[in-house]
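A.B. asks: with the input below, show me the fold.
(chains A and B)
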Protein chains: 2
Amino acid sequence: MRLAFPKKVVIREVGPREGMQIERTPVSTEDKIRLVDLLSECNFPVIEVTSFVSPKWVPQMADAELIAKGFKRNPGTEYQAIYLNSKGIERAQATGKFDLEGVISIIASETFSKKNTNRSIEETFDEMDERIAVLRKFDVPVSTVAVMTAFGCNYEGNVDSEHVVQLISRTFEKANAHGLNPDRILLGDTVGWANPVSIEYLVGEVQNKWPDKTIILHLHDTRGMGLANAYAGLKMGVTHFDSSVGGLGGCPFGGSKGAAGNIATEDLVHMCHELGIETGIDLDKLIEVTLEAERILGRDLPSKVAKGGSLASYRQVPSS
Amino acid sequence: MRLAFPKKVVIREVGPREGMQIERTPVSTEDKIRLVDLLSECNFPVIEVTSFVSPKWVPQMADAELIAKGFKRNPGTEYQAIYLNSKGIERAQATGKFDLEGVISIIASETFSKKNTNRSIEETFDEMDERIAVLRKFDVPVSTVAVMTAFGCNYEGNVDSEHVVQLISRTFEKANAHGLNPDRILLGDTVGWANPVSIEYLVGEVQNKWPDKTIILHLHDTRGMGLANAYAGLKMGVTHFDSSVGGLGGCPFGGSKGAAGNIATEDLVHMCHELGIETGIDLDKLIEVTLEAERILGRDLPSKVAKGGSLASYRQVPSS
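C.D. replies: Down below sits the predicted model:
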């Protein structure tokens, strides 16, 4: 168990993709592009821009090509896009704007898997060889093994950490059989079931079994423990986090209307900075982007720092 | 340094007093009474009901007597009220409804002290003997030494923990000189300057110097770290917390319009239960009260669990 903060963390901004996909208010392509460009100015190491999926299933992302064409690449930033199949990869690659990543995903909850991907866990394993073959065919570097609902889900309750570790093992075996060895493990708290102790526990188990892999925590704030969970992760030495500007998005699952989605990026960045952990991200600019995202969506976003102000800003110019 | 969770914590609900005092929407006396009664049904160990202060300064609390008369005492609950002087104590005692507590307060930030109490820190110490004499005269048990802005403030930035420890020492000396020995120390993060590490540090310092005193953490969620801070406190063995239903209230200080106030009680209760820590509070009922508070105020409250649903409720009846 590593019990020291990392010096620096890598925060992936997923708001333009995951957040926008869930938001109910229609957002113009122009605003989506502007949001990505504004986020690029904050100096994110990674931004998830959009999804190349069927507009039949995800109409919010029907303008993926237009967004790809429109946004400006910042040399210091990696731009990612989501895809489900070879058609998606082809579409994303055709734009020439993305640093595509190969993620092999598995959902830890059987019911969630069936409801969200129309496949059981076993069926997902059955199709994994094909998934990997497609990634190889298109030269997408297979970087990550991802487990969604790794802490629990509204359908099945708590997920056992043993089960998660087994799923990761089996996924690595599949990858290894293709001569691949992804160096990252993403643990997704997809519907907000983690607490700081379960984070410590699962992260510890994964670190023990795969000490050389990089862990990515994908946290949601459904029950308000998002930053406490991130803190627990930081204490365990976790260096990679997903979050969305302003906490953009929400929770589309299990009838939780109005529930919170991803942890808010600026709150996470602010906490890291307060703890002396570097992010490389321009927090002042990011807070401006949050306010702009609120204007675009015409609603308050759950961000706290955007309203309370960063402590750094008060230290610079004490208010009077 | 105690690094174990307590088995049980005492959560004081401060929404009806601190929350209501800050809310801008006028709330009827009837609704205020109903809120206290609903909270009583949740089985809180302590509820802060109202303030007996001058309606000239706090018009929201002009109906303190009516509230006192109206609410029903639950035998398992302590009901507290705030007062600033002998007149306030007399008014509160005249109602016969309160378990008044004697708190000796000091504000750690000089500027905050002057702006909010019109007294410097030294002037507060100068008046402390009189304060204590008044408490004794009215037989109010002096239970608590309280330090506000104990972690920092928007006017002066970070507050040094040495300074806080000195303020506590001097306050105890004053109390001791009157033959009193308050058994609680309240550390107030009045404007949201704490982070989990500064919580660990100050709590640790106070525990080392006063190992027999009970620490109360009064946390605000101004920058989203409220529950992470509570978690850090729990890890240090802190057993007493203040919070407000729904995160009712907000932050009236330093131009932080729309900023969050106290941590939301149901989010705190939920986290405790998830960590296996008892609160004695009926979370399902509390969530209903949060929704009722939202209806009373006609606005969304920052509570997360009220929207996302408690994990316990999903475990009982998995959604399908």
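A.B. asks: what sits opposite the spatially most central residue of chain A in the beta ladder?
C.D. replies: Centre of chain A computed as the mean C-alpha position; nearest residue by C-alpha atoms, centre = their mean is residue A:242, 3.7 Å away. Counting by DSSP bridges, residue A:242 forms beta bridges with residue A:12, residue A:218.
A.B. asks: verify the stated contact: it with residue A:15.
C.D. replies: No: with contact defined as C-beta atoms under 8 Å, residue A:242 does not reach residue A:15; the gap is 10.0 Å. (C-beta placed from N, C-alpha, C; glycine too.)
A.B. asks: give me the distance between the residue nearest to the centre of chain A and residue A:301.
C.D. replies: From residue A:242 over to residue A:301 the distance is 17 Å, taken as C-beta to C-beta, to the nearest Å.
A.B. asks: one more: residue A:172?
C.D. replies: Counting by C-beta to C-beta, the gap from residue A:172 to residue A:301 is 37 Å.
A.B. asks: the more surrounded of these two?
C.D. replies: residue A:301 (26 against 19; other C-beta atoms under 10 Å in any protein chain shown).
A.B. asks: OK, now which residue of the stretch 101-250 of chain A is nearest to chain B?
C.D. replies: Proximity to chain B, evaluated over the stretch 101-250 of chain A using C-beta to the nearest C-beta, is greatest for residue A:224 at 3.4 Å.
A.B. asks: related to what we said a few turns ago, tell me the contacts of the residue nearest to the centre of chain A?
C.D. replies: Each residue near residue A:242 by C-beta atoms under 8 Å, 6 or more residues apart in numbering or on different chains is listed here: A:11, A:12, A:14, A:18, A:48, A:186, A:216, A:217, A:218, A:219, A:262.
A.B. asks: try 6 Å
C.D. replies: A:12, A:14, A:218 (C-beta atoms under 6 Å, 6 or more residues apart in numbering or on different chains).
A.B. asks: drop anything exposed from those.
C.D. replies: With burial judged by 16 or more other C-beta atoms under 10 Å in any protein chain shown, the buried subset of the contacts of residue A:242 is A:12, A:14, A:218.
A.B. asks: could you redo those as a markdown table and give each row distance to residue B:270 and pLDDT?
C.D. replies: Below are the buried ones among the contacts of residue A:242 laid out as a markdown table (distance: C-beta to C-beta, whole Å; pLDDT from 0 to 100):
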| residue | distance to residue B:270 | pLDDT |
| --- | --- | --- |
| A:12 | 27 | 98 |
| A:14 | 25 | 97 |
| A:218 | 21 | 98 |
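A.B. asks: for residue A:13, give its distance to chain B.
C.D. replies: For residue A:13, the distance to chain B equals 17 Å [C-beta to the nearest C-beta, to the nearest Å].
A.B. asks: quick one, what contacts residue A:17?
C.D. replies: A:48, A:50, A:51, A:82.
A.B. asks: closest to residue A:108 among the residues you listed?
C.D. replies: residue A:82 (19.3 Å; C-beta to C-beta).
A.B. asks: that's a strand at the closest one, yeah?
C.D. replies: Yes: checked against DSSP: H, G, I helix; E, B strand; the rest coil, residue A:82 lies within a strand.
A.B. asks: just give the closest residue to it, not the sequence neighbours.
C.D. replies: In this structure, residue A:82 finds its nearest non-sequential neighbour in residue A:51, 4.1 Å apart by C-beta to C-beta, 6 or more residues apart in numbering or on different chains.
A.B. asks: same deal with residue A:240?
C.D. replies: Excluding its sequence neighbours, the residue lying closest to residue A:240 (C-beta to C-beta, 6+ apart) is residue A:216, at 4.0 Å.
A.B. asks: please identify which helix or strand holds that neighbour.
C.D. replies: Using DSSP states H and E, residue A:216 sits in strand A:214-218.
A.B. asks: got any ranges where chain A has weak pLDDT?
C.D. replies: Chain A contains residues with pLDDT under 70 at A:1-3, A:253-257, A:317-320.
A.B. asks: residues of it that sit close to chain B?
C.D. replies: Applying C-beta under 6 Å from any C-beta of the partner chain, we find that chain A lies next to chain B at A:154-155, A:157, A:192, A:195-197, A:222-225, A:227-228, A:231, A:254, A:256, A:258-260, A:267, A:270-271, A:274-275, A:304-305, A:307-309, A:314-315, A:318-319.
A.B. asks: about what we covered before: distance between the strand holding residue A:216 and the chain's centre?
C.D. replies: 9 Å (C-alpha atoms, centre = their mean, to the nearest Å).
A.B. asks: what does that strand rub up against?
C.D. replies: A:184, A:185, A:186, A:187, A:188, A:233, A:238, A:240, A:241, A:242.
A.B. asks: buried ones in it, by neighbour count?
C.D. replies: Neighbour-count burial for strand A:214-218 [16+ other C-beta under 10 Å]: A:214, A:215, A:216, A:217, A:218.
A.B. asks: give me the helices and strands touching the helix or strand where residue A:173 lies, please.
C.D. replies: Assessed by DSSP H and E, residue A:173 sits inside helix A:161-177. Helix A:161-177 sits against strand A:102-107, strand A:142-148, helix A:196-209, with contacts defined as 3 or more C-beta pairs under 6 Å, 6 or more residues apart in numbering or on different chains; DSSP states H and E.
A.B. asks: now intersect the residues of chain A next to chain B with the helices, please.
C.D. replies: Secondary structure from DSSP state H places A:196-197, A:227-228, A:231, A:267, A:270-271, A:274, A:305, A:307-308, A:314-315 of those in helices.
A.B. asks: in space, what's closest to residue A:55 - neighbours in sequence excluded?
C.D. replies: residue A:62 (3.6 Å).
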